[in-house]
Structures are given as structure tokens and as C-alpha cells.
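> turn this into a model:
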Amino acid sequence: MITRWLVRAVLRSVDGRLRVAPLLRRGLAKVFPDHWAFMLGEIALYSFVTLVLTGVYLTLFFEASTVETTYTGSYAPLDGARTSAAYASTVRLSFDVRAGLLMRQTHHWAALLFVAAIVLHLLRIFFTGAFRRPRGINWVIGVTMLALALFNGFTGYSIPDDLLSGIGLRILYSVAQSIPVVGEWLVFLAFGGEFPSDDAVPRMFVTHVLLVPAALAVLIAAHLGILVRQKHSQFPGPGRTENNVVGSRFWPAYTIRTLALFAWVFAVLFGLGGLAQINPIWIYGPYDPAQATSPAQPDWYIIWGDGALRLFPGVDFDIAGHLVPAPFWPGIVLGGLTFAGLYLWPLLERLAGADRRAHELLDRPREHPVRVGVGVAVLTFFAVLLVAGSDDVIAKLLKVPVLDVLSVLRVVALAAPVPAGLCGYLAARALRANGGRGIGELTRRDLRAAPQQRTGPGERDASAAPAGPLDGADGRVELWRDPDGTWRWRYRSGEVTLTANLAYLSREEAERSATTAYRRAPVVAVEPPVPAVATAARRTARRAAPVGGWLALLAIGTWRRRRR
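All right, here's what the predicted structure looks like:
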């Protein structure tokens, strides 16, 4: 009672001075969708909070200096060795500071999850069209946050001054130096001199713990502010329109859910930090320009850049009298084109489709096959680059020359994206054409018929019900109830099957929609259709049953013969 009275008194006092009660009421009444995909952004937010908390602890013990010192600590193999102060303080933090290793590894795992959550969140926004008006600003903010997260992850990975991160930093120095005309000036500004320089680690430390986190905090605040100001987007479904949001109120339902997610993220990250070893710099040793380690791979979110450098042939060019070294194309041009494409995609799609309307409902990916095809092709290309970043590990495991692995991956990088994108495009068109509810429901006939479907900009979608009332006398409408309680229908006439995309809350609504589209077709209630995958599985099981019985009899006979 006393606590409740004190809280109310404080709130009344604050409201009497700032008049925040109306804002709080509107904020607490805001509705958020219940779909799990919207939690990806929150996972990124809570990973960032974990990064800040563990980073503050690590900052208290880390010494950002490359001044040579003698390591004295609990790790016996390095005791008395001459290393940089940054490396010595990191090893000392791992073995001599209470909870130091737990904080280091949790911080590293949080960085990996932070970038992964941003990437998945960005993919969800891309494939569902959430970047369209009025959310273009938030798309730009999200892409900028991804770029800053990649950069900050690399600086944090490099400041311990160990051998593995030093090799990666030397690669970045060479890539930046390869920029024509301004490359030398840029590396001097960033590193303070020729690599390795004494100013590199202190400058990266300030950037890592102050500049980039501050920029990320501002962007996160702006991102959330725009989200609160605008109405939240949602997937289409029963009762959901362009003018409402169906879901849970911020207080109390959504608050309890998001706090539970925060607790899970926090617990999983600290569990990984305590149980799963990552970045053991004491094994790599301090950085030495005359040494290298192989096999060696950076963290997953920057390994695609390393893979691009490995795949690109070592060919230099001369442009207008200026030397353009080989690292410039995979290191600068590829990354620049990638982020330029991300920034400009909303504009390109709006110009291509002439769509300038505001959208509150998200797209199903199948509704935009071109977007799906481009996304799948790009993801396939970067997946090949990610594998190429581990070509030395692959060569070691397969016991083949690393040059052979590189040759194969170069062919795959050029040949795989286009077929993969085409498959994604055809699958999306087939799903849109037959109204199937999942990729497992597609058949060969659907895929063969997909290229003939007319689904260009401005054309009618073949998966939707016809625009006007049709006769439908030569077929029938089949109506069924799904396990989730919603009703669906489809029109069947011979080999033609058209399934409605929408689900209905009641049988009356579904029947009214069907009779509006096909007024003379009889309506018949049927059992829910079995997906093609389940049908194929049952057919395979029936065929395999006799074979399994004969094999069982043979095994029993062999066993009896051996016993005799």
C-alpha cells in the first residue's frame, strides 16, 4: 500500500509539472501486432542493451594503447612475454579480473546476435514491403544502423591487438589504401600513419565505445519515435485493414511479453558467454607483422568481404593514369553497391511500379515475385562469398588444394545467383497463381504454369477471385474449415482450381464471397485439402511398407539362422 501510494504521488507530481498523462495514456494504449516476426527488431534492441552494459564493464579494465609492456598474469604461457598494453590488458581481463572472461564473451556473442537480428529484421521488411510509404525514413535509418553495426563490430574485434584481428586490420588498411586518389589520405586520417601505427588502437577504441554507440543510440531513438508516431504495419488477415491495427495493447499484455523476451535474450547471451568459448586471443598470440595464422576467418558478418577478396583475381587496373589495385573492386565497390542498392530500393520499386500510395498492410512475399527473385539472388551471392571466406578451412577438411576450392567457388559465385533468383521468382508466381498457403503445396504443374501467368504491374492477380460476377455454372465452389477455425473456399472446374487468398471468420462470410464471384456455381462443404507434401509422403509410405516388411522377414530369418 505504501509503495503504491508513493508511486501515485510521484506520478501526480510529475504530471502536475509536465502534463505527461495524455501522452502516457496514448502510449500505453498503442496496439502492437502479435506476429513473431515483429520481435526481431526487439531482439536487436535488447542485444544492444546487453552490449552497452557489458561494454561499460570491459572499459573499466581495458587499456587502449600499443605501448610495449611485459605481461604478468595468471596465464602461464605468456607470463613475462613482451606484448602491447592492449593485448596484455585483454588477457589479464580474461584470466585475472572477476567475471572478466564472462563479460568479454557475452559482449562478443551480443555483437553477433545484434547484427544477425538487424539483418533478419531488414529481410522481413524487404520481403514484406514494409519500406514503402510512409516508412521510407525508417528504412534508411535501419540500413544506416546495419552499416554502423558492421563497422563497430569490426573495431571492437580489432582493438585487443591479437594476431588474428591484426591480420584483418591490415587487410582493411590495404582495402582503404586502394581507393584511387584519396586512399592514402584516408588511411593516414584513420590510422595516424603507416600500418601498424601507435594511434590505430586508441582511435578505434574511442570510435568503438563513444562515437558509433552514440550514433546508434540516436538512430534507435529516432526509429522507435517514428514507430510510435506512425501506425504499426501488420500482415493482412481477418479483421485487419489499412485503417486499424489488430494485436495487443502496449500495457499490460505487450509489456509483459517484451520484458519476457528481454529476459530470454539476456539469459541466452550470458549462457553463451559462460559456456561457449569465442575469440580466445591468448591462443592466437599478440600481433606481429612478420607472422600470420592459417586457417583464419573473421566473424560471420564481415566474412563475406574476406570471401570477396579471396575470390576476386589479383588484377590491377590503370584508370586515367591512376593505379586501381585489385582489393578496390571487391572491398570498396561491392560493399558500396550493396548499401547503395539497399538505400535506393524503395525508390526503384516505386518508380518501376508507379505506386505512390501509403501502405499500412504488409505484402505476402508471393505478391511481388520480382522482389523475391532479386532478394534470393542477392542472398545466394553473399552466401557463396561467406563460404569463400572459409576456403582454407574447406580445403583442410577435404584435403584438396585451396586453389581448387577457389576455382569452384568462383564458378558458383557467377553461376548460382541467377538460377536461384529465377527459382524464387517462379515459386512466388506459382504460389500467387494457385493461392497455395505454403511452398510445400506447390506441384510441378504449378511451377510449369508460372511463366505463363500474367502478373505484371497493373495486371489482375490470377490468385484472387475474378473482378466481376462470373457464371461458374460448369464448376463448383468447395468450402472448408481450417484447423485454426477460419473458413476458406476454392472454385474447381475440370483441371482448373482457383483458391481464394483470404480466410474468413465465419462460413457465411466465405459463402457470400464465393457466391459473389461465382453466382451460379453450387457450394459444397468438403474436408480441408491435404497438402501435396503430405500426400506424397503417404504415397511413399504405402509403397515402402511392403519393402519394409520383406526386409524385416529377411532380418528375422538371418537372425534365426545365426542362432542355430
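> quick one: low-confidence ranges for the stretch 51-200 of the chain?
By pLDDT under 70, the stretch 51-200 of the chain has no low-scoring segment.
> all the strands of it, residue numbers only.
Ranges of strands in the stretch 51-200 of the chain, per DSSP state E, counting those that start in this stretch, are 68-70, 82-84.
> quick one, strands of this structure?
With DSSP state E as the criterion, the chain has strands at 31-32, 68-70, 82-84, 248-249, 317-319, 322-324, 476-481, 487-493, 496-499, 523-525.
> and those, which one's lowest on average pLDDT?
Among those, strand 496-499 carries the lowest mean pLDDT, at a mean of 75.
> please spell out which residues along that strand are buried.
498, 499 (16 or more other Cβ atoms under 10 Å). Glycine gets a C-beta too; all of them are placed from N, C-alpha and C.
> name the strands paired with it and say parallel or antiparallel.
Paired neighbours of strand 496-499 in the sheet (DSSP bridges): strand 487-493 (antiparallel).
> list the contacts of the spatially most central residue of the chain.
With distances taken as Cα atoms, centre = their mean, residue 120 lies nearest the centre of the chain, 1.9 Å away. For residue 120, the contact set (Cβ atoms under 8 Å, 6 or more residues apart in numbering) comprises residue 40.
> do residue 85 as well
63, 65, 66, 67, 68, 69.
> and those, which is closest to residue 306?
residue 66 (23.7 Å; Cβ to Cβ).
> in the stretch 401-550 of the chain, which spans are helices?
402-415, 417-434, 444-449, 507-517, 532-563 (DSSP state H, counting those that start in this stretch).
> buried ones among the contacts of residue 85?
63, 65, 66, 69.
> for these, please prepare JSON lines with the additional fields distance to residue 302.
Output for the buried ones among the contacts of residue 85, formatted as JSON lines (distance: Cβ to Cβ, whole Å):
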{"residue": "63", "distance to residue 302": "25"}
{"residue": "65", "distance to residue 302": "25"}
{"residue": "66", "distance to residue 302": "22"}
{"residue": "69", "distance to residue 302": "29"}
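> which of these lies closest to residue 175?
For the buried ones among the contacts of residue 85, the nearest to residue 175 is residue 66 (21.2 Å; Cβ to Cβ).
> my guess is that closest one meets residue 203, correct?
No: using Cβ atoms under 8 Å, residue 66 makes no contact with residue 203, being 11.0 Å away.
> distance to residue 222 added to the strands of the stretch 51-200 of the chain, as CSV?
Formatted as CSV, the strands of the stretch 51-200 of the chain follow (distance: least, Cβ to Cβ, whole Å):
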stretch, distance to residue 222
strand 68-70, 42
strand 82-84, 38
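> how about these, which one is nearest residue 176?
strand 82-84 (21.8 Å).
> what's the closest one packed up against?
strand 68-70 (3 or more Cβ pairs under 8 Å, 6 or more residues apart in numbering; DSSP states H and E).
> rerun that using 10 Å as the cut-off
Secondary-structure packing of strand 82-84 (3 or more Cβ pairs under 10 Å, 6 or more residues apart in numbering; DSSP states H and E): strand 68-70, helix 85-95.
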